[in-house]
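**Student:** A structural model of the following input is requested.
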Amino acid sequence: MAETWAGEFYCVKCKEKRETEGEVVVSESGRRMAKGTCPVCGTKLNRILGKA
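**Tutor:** Numbers count the residues shown, from 1 in each chain. Take a look at the predicted model:
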């Protein structure tokens, strides 16, 4: 089961913070990132959580 993170993401298209849930992945540089989609416009959202 993949780890999920629920919280605020900033949508660049809407220019507002949105509450949503995203899947946690580790980037190539070793940082943990939550990736989700905006519930209003459907844009992909990323949030850096910190080092893994």
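**Student:** E23 and C41: what is the separation?
**Tutor:** Applying Cβ to Cβ, to the nearest Å, the value for E23 to C41 is 19 Å. C-beta coordinates here come from the backbone N, C-alpha and C atoms, glycine included.
**Student:** now do R18
**Tutor:** For R18, the distance to C41 - Cβ to Cβ - is 9 Å.
**Student:** residues making contact with the lengthiest strand in the chain?
**Tutor:** Criterion DSSP state E: the longest strand present in the chain is strand 16-26. The set of residues external to strand 16-26 that reach it, using Cβ atoms under 8 Å, 6 or more residues apart in numbering, is 2-11, 32-40, 45, 47, 49, 52.
**Student:** Drop anything exposed from the residues you listed.
**Tutor:** W5, F9, C11, R32, M33, A34, G36, T37, C38, L45, R47 (16 or more other Cβ atoms under 10 Å).
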